[in-house]
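>>> sharing a model that was predicted from the sequence below.
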Amino acid sequence: MNYDHELIVDFLGEYDDAQIEAEKILKSLDQSLDIDELNTLFRVIHSIKGNFRMVELNPLSDLIHILENSLSQIRDNERQIHPGYTLLISSTIEQCKEITKQVFIGQDKSSVIEQLTQVYTVLFQSSAENYPQTLLASLETVDKLGEYGNEYSSQAIIDFFKQHEVPEKEVGIKDDNRIEKLQPVKNELDFFYQLTLQIESYFPYWKGRSDNIFNLVSQMNEAYGFPIDPQQLQAAVYLHDIGMSFIPPQKIHTTSTLNDKDKSLMHGHCETGFQWLNLIPGWQDAALMIHQHHEHFNGNGYPLKLTDKQICAGAKVIAIGDTFASITGQEKTGSQSRPIMHAVSEINQGAGHQFDPEWDAALNQDIRNLKK
């Protein structure tokens, strides 16, 4: 079939809009999801299905219909959300878009579509007992199809789901008998902290990461007589990576080298976090810390290539805390964390280049106090 150029542009534009809306809801699905949000997600998926029909891509429409049915099971409380489910939906939506682009230029993708359809058919029909294992197998199959680019892989996060115990309490529609409710928000810092817990659930390797960074940078700030406002620093630590939650998961969890376009996408999380927090009155200092926390002392960082005194103190100290947590925490590839002194040594080597030497000295003093 020959496709009109204007039709292709309109279809892909609408698909991108639907995908963005779906991703926003999928991120909250890992925590809890009320019926209104689930209905919105269902309508988005239904819209994608209808658009496939309009361009006569019926096999893809049939595939999305099975995905719809799996959402219906959750909406009707017949199925609970298991780790990996949201990643499966996200990856499928992305792969279907890439498949469509290839079909539009005349490629035959019937075999891949058939495999994806089989994956969802088996998952939809699986028993409650076998569902968690079937879900992970489905996720692995979809990932290996690689239709969104062979350079991207979610294998690291799949391995994490396989190797770690799944909590007994799984996430479903909000229900007093089934969902552990969030603690009441007493102030904005409490709200920010709840957001960071959601962000860390999106990156399972990050569990407890923000707490570790905050404890370290707070001690460094105290050692210098609190030159940085403690509350602004606390907010910035909690939200410094909130922009990462707007990036497609298959690009975040990949173990491969990113191309220039996707490096730019990843670097954009600083700007996204800055713009988000800057909308809330009273947190402009914290927003600036977020914007600058990947700047380097020598000007080789991003997004603005600032140097030394152009970088605020809060950003400088978060840069050290963030690096320290990355070295001593579990890597996304599943490798073992490295010792504290390895982290200190690596950061010391970056003093005067990546890190401010004065704050590096504060780190060393903090570690010496810790060892006493």
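Alright, I've got the coordinates. Numbering: from 1, shown residues only.
>>> quick one: low-confidence parts of the stretch 101-250 of the chain?
Applying pLDDT under 70 to the predicted model, the residue ranges of the stretch 101-250 of the chain that meet it are 146-157, 159-186, 202-205, 246, 248-250.
>>> just the strands from it, written as ranges.
When secondary structure is read from DSSP state E, counting those that start in this stretch, the stretch 101-250 of the chain shows no strands.
>>> tell me where it has helices.
Listed in chain order, the helices of the stretch 101-250 of the chain (DSSP state H, counting those that start in this stretch) span 110-125, 131-145, 155-163, 188-202, 209-223, 230-239, 249-252.
>>> tabulate those (TSV), appending distance to residue 350 and mean neighbour count.
Where C-beta positions appear, they are placed from N, C-alpha and C, glycine not excepted. As requested, the helices of the stretch 101-250 of the chain are exported to TSV (distance: least, Cβ to Cβ, whole Å; neighbours: other Cβ atoms under 10 Å):
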stretch	distance to residue 350	mean neighbour count
helix 110-125	44	17
helix 131-145	34	19
helix 155-163	25	18
helix 188-202	25	17
helix 209-223	15	20
helix 230-239	20	23
helix 249-252	24	20
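>>> which stretch among those comes nearest residue 72?
The closest approach between residue 72 and any of the helices of the stretch 101-250 of the chain, judged by Cβ to Cβ, belongs to helix 110-125 at 9.6 Å.
>>> and the closest one, what does it pack onto?
Judged by 3 or more Cβ pairs under 8 Å, 6 or more residues apart in numbering; DSSP states H and E, helix 110-125 is in contact with helix 58-75, helix 85-104, helix 131-145.
>>> residue 14 is nearest to which of those?
helix 85-104 (11.1 Å).
>>> buried residues, the closest one. List them.
By neighbour count on 16 or more other Cβ atoms under 10 Å, the buried set for helix 85-104 is 85-101, 103-104.
>>> how about residue 145, nearest residue that isn't a chain neighbour?
In space, and not counting its chain neighbours, residue 145 is closest to residue 112: 5.9 Å by Cβ to Cβ, 6 or more residues apart in numbering.
>>> same question but for residue 46, I mixed them up
Residue 46 sits nearest to residue 68 (Cβ to Cβ, 6+ apart), 6.2 Å away.
>>> ok, now residue 40?
residue 25 is the one closest to residue 40 (Cβ to Cβ, 6+ apart), at 6.2 Å.
>>> enumerate every residue touching the one you found.
Taking Cβ atoms under 8 Å, 6 or more residues apart in numbering as the criterion, residue 25 is in contact with 33, 37, 40, 41, 44.
>>> show me what the strand or helix carrying the last one is packed up against.
Taking DSSP states H and E as the definition, one finds residue 44 inside helix 35-54. For helix 35-54, the helices and strands in contact under the criterion 3+ Cβ pairs under 8 Å, 6+ apart are helix 5-29, helix 58-75, helix 85-104.
>>> let's go with 6 Å and repeat that
Judged by 3 or more Cβ pairs under 6 Å, 6 or more residues apart in numbering; DSSP states H and E, helix 35-54 is in contact with helix 5-29, helix 58-75.
>>> run a quick neighbour tally on residue 39.
Residues near residue 39, counting by other Cβ atoms under 10 Å, number 12.
>>> one more: residue 45?
Using other Cβ under 10 Å as the criterion, residue 45 is surrounded by 20 other residues.
>>> skipping adjacent residues, who's closest to it in space?
residue 68 (5.4 Å).
>>> what's the distance between the one you found and residue 225?
59 Å (Cβ to Cβ, to the nearest Å).
>>> which one of these two is surrounded by more residues?
Ranked by neighbour count (other Cβ under 10 Å), residue 68 and residue 225 place residue 68 first, with 16 against 6.
>>> ok, the more buried one touching residue 43?
No: when contacts are counted by Cβ atoms under 6 Å, residue 68 is not listed as touching residue 43 (10.1 Å).
>>> got TSV for the helices and strands packed on helix 110-125, with distance to residue 238 too?
Below are the helices and strands packed on helix 110-125 laid out as TSV (distance: least, Cβ to Cβ, whole Å):
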stretch	distance to residue 238
helix 58-75	30
helix 85-104	22
helix 131-145	30
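>>> for residue 304, find the nearest of those helices.
Of all the helices and strands packed on helix 110-125, helix 85-104 comes closest under Cβ to Cβ, at 30.2 Å.
>>> so what does that closest one touch, helix or strand wise?
Other elements packing on helix 85-104 under the criterion 3+ Cβ pairs under 6 Å, 6+ apart are helix 5-29, helix 249-252.
>>> can you do 7 Å?
In this structure, helix 85-104 makes packing contacts with helix 5-29, helix 58-75, helix 110-125, helix 131-145, helix 249-252, judged by 3 or more Cβ pairs under 7 Å, 6 or more residues apart in numbering; DSSP states H and E.
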